[in-house]
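Trainee: Sequence unavailable; structure follows:
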């Protein structure tokens, strides 16, 4: 999905505030900037797949922790995410 970029996520967040599911797996144009902006606008997200998004880091994980309705998350192959950020997510869910 080479056409999906941070700018697309910014527009999606602005126009779809009730979005519940997001799958941007393998989208190389996605970074923390776009994902964090979308998360800030779409607090109803329940399922997020950002697997293989190599520009995603701890910053996005901390933003994901704010989603109180999040039930499904795929961070596979996101090498910039550290264990400490994932622990924060896990603690939030308990």
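Mentor: Nice, I can see it. Source: prediction; values computed, not measured.
Trainee: which stretches of this structure aren't confidently modelled?
Mentor: Residues of the chain meeting the criterion pLDDT under 70: 93-94.
Trainee: Let me see the ranges of the strands in the chain.
Mentor: For the chain, the strands defined by DSSP state E cover 21-23, 47-49, 72-74.
Trainee: Single out the most deeply packed of the ones you listed.
Mentor: Mean neighbour count (mean count of other C-beta atoms under 10 Å) peaks for strand 47-49 among the strands of the chain, with a mean of 19. All C-beta spots, glycine's among them, are computed from the backbone N, C-alpha and C.
Trainee: Can you tell me the strand partners of that strand and which way each runs?
Mentor: As defined by DSSP bridges, the strand partners of strand 47-49 come to strand 21-23 (parallel), strand 72-74 (parallel).
Trainee: Any idea which of those gets closest to residue 54?
Mentor: Ranking the strands paired with strand 47-49 by proximity to residue 54 (C-beta to C-beta) places strand 72-74 first, at 14.2 Å.
Trainee: what about the closest one, distance to the chain center?
Mentor: 9 Å (C-alpha atoms, centre = their mean, to the nearest Å).
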